[in-house]
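>>> give me coordinates for this.
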Amino acid sequence: MSDGPAAPDEQGQPDGREPRKKKRPFWVEVPILIVVALVLTFLIQTFFARVFVIPSESMEQTLHGCPGCYGDRIVVDKLVYTFGEPEPGEVVVFHRPATWNRAEFTSSRSDNQFVRWLQGVGAQFGLAAPDEDDVVKRVIAVGGQTVRCCDDQNRVLVDGKPLDEPYVHYPAQTDQQQGEFDEVTVPQGSLFVLGDNRNNSNDSRTQGGGGQNGLVPVDNVIGKARVVILPFSRWQGIGDHDPQALSAPAWQQGIPLGVGLAAAWPALWLGRRARSLVGGRDVSDRRGKA
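Next up, the predicted model:
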């Protein structure tokens with residue numbers, strides 16, 4: 001028989017039990033949660049991803065932006081280029097090179113130093129327009145390639161071969177032809193970038209007078225644009241169509257399909273083998289219980 005409930009100890013708790021911890025007041029927990037959230041956000045923004053506001057029309061219609069309007073908020077993957085370098089067709093955000101002498105927009109900042117600091121912090125979280133030194137463009141050519149414009153169909157050429165650029169945008173009632181530019185050989189460690197709104201973009205063709213001065217060092221790249229998260233009506237992934245795929249040899253274009261087919265058979269066999277083993281164990285278990 002039970003000897004009855006245990007006598008309370010000196011702290012008023014039954015013997016053998018830990019005393020209950022006193023819960024923090026709500027007004028104490030809220031500041032702690034805010035600080036933890038800010039620290040985590042800072043770490044994510046610094047090492048993994050960043051929210052970036054599109055401030056100009058240079059990437060229309062892929063990315064929407066204009067002075068004074070509510071531009072797209074995009075997520076920039078800062079980790080991806082730790083394991084590789086930008087490839088043709090990828091949309092990247094980068095620090096404006098020292099050779100670039102023109103910004104495409106003016107970032108409105110307060111004369112008050114504290115407010116200006118708050119605006120700078122807000123820009124890191126996608127709550128304010130970015131600094132003029134942060135730019136978004138599409139990679140057209142990488143180190144070792146030669147780029148020029150244009151062929152008889154007004155297409156950009158890389159290594160003498162025309163690009164497939166379905167993302168290029170020409171606003172209505174404007175010139176539907178992109179301007180020509182001299183041939184440029186991209187050295188290793190640099191990128192040739194263009195805006196999708198081809199006739200409304202200050203990019204590698206014109207910045208610094210064009211040529212080598214218009215190139216972007218790979219080290220200046222902040223990350224790869226992944227997805228539009230705001231406004232919700234434009235929630236979508238950001239394509240990285242390879243414009244050079246049109247000029248790739250037929251056998252090279254078939255590599256992904258060939259690899260996929262080759263991997264399909266082992267995967268199918270392993271799946272069937274796993275189901276067979278699981279089925280056999282179930283039968284054995286039922287026999288053992290019978």
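>>> where does pLDDT dip in the chain?
Residues of the chain that meet the criterion pLDDT under 70 lie in 1-22, 24, 26-48, 102-132, 246-290.
>>> which residues of it fall in strands?
With DSSP state E as the criterion, the chain has strands at 49-53, 73-77, 91-95, 134-142, 146-149, 156-158, 161-162, 181-185, 190-194, 216-217, 221-230, 236-237.
>>> strands paired with the second one, and their directions?
It refers to strand 73-77. Applying DSSP bridges to the sheet, strand 73-77 is found paired with strand 49-53 (antiparallel), strand 221-230 (antiparallel).
>>> okay, now Glu90: neighbour count?
Look at Glu90: counted by other C-beta atoms under 10 Å, it has 22 neighbours. To be clear about C-beta, it is placed using only N, CA and C from the backbone, and glycine gets the same treatment.
>>> ok, now Leu194?
Leu194: 27 surrounding residues under other C-beta under 10 Å.
>>> check the one 10 residues further on too.
Residues within reach of Ser204, counting by other C-beta under 10 Å, total 30.
>>> that one and Gln212, how far apart?
In this view, Ser204 and Gln212 are 10 Å apart by C-beta to C-beta, to the nearest Å.
>>> list the residues that contact both of these two?
By C-beta atoms under 8 Å, 6 or more residues apart in numbering, Ser204 and Gln212 have these common neighbours: Val184.
>>> out of the strands paired with strand 73-77, flag the one nearest Glu87.
Shortest distance between Glu87 and these, using C-beta to C-beta, is found for strand 221-230: 9.4 Å.
>>> give me the residues contacting that closest one.
Judged by C-beta under 8 Å, 6+ apart, the contacts made with strand 221-230 from elsewhere in the structure are 49-52, 63, 72-81, 86, 90-95, 126, 134, 136, 191, 234-238, 240.
>>> between strand 134-142 and that strand, find me the angle.
Regarding strand 221-230 and strand 134-142, their directions subtend 110 degrees when assessed with axes from the mean of the first three to the mean of the last three C-alpha atoms, to 10 degrees.
>>> buried set for strand 221-230?
Judged by neighbour count using 16 or more other C-beta atoms under 10 Å, the buried positions of strand 221-230 are Val221, Ile222, Gly223, Lys224, Ala225, Arg226, Val228.
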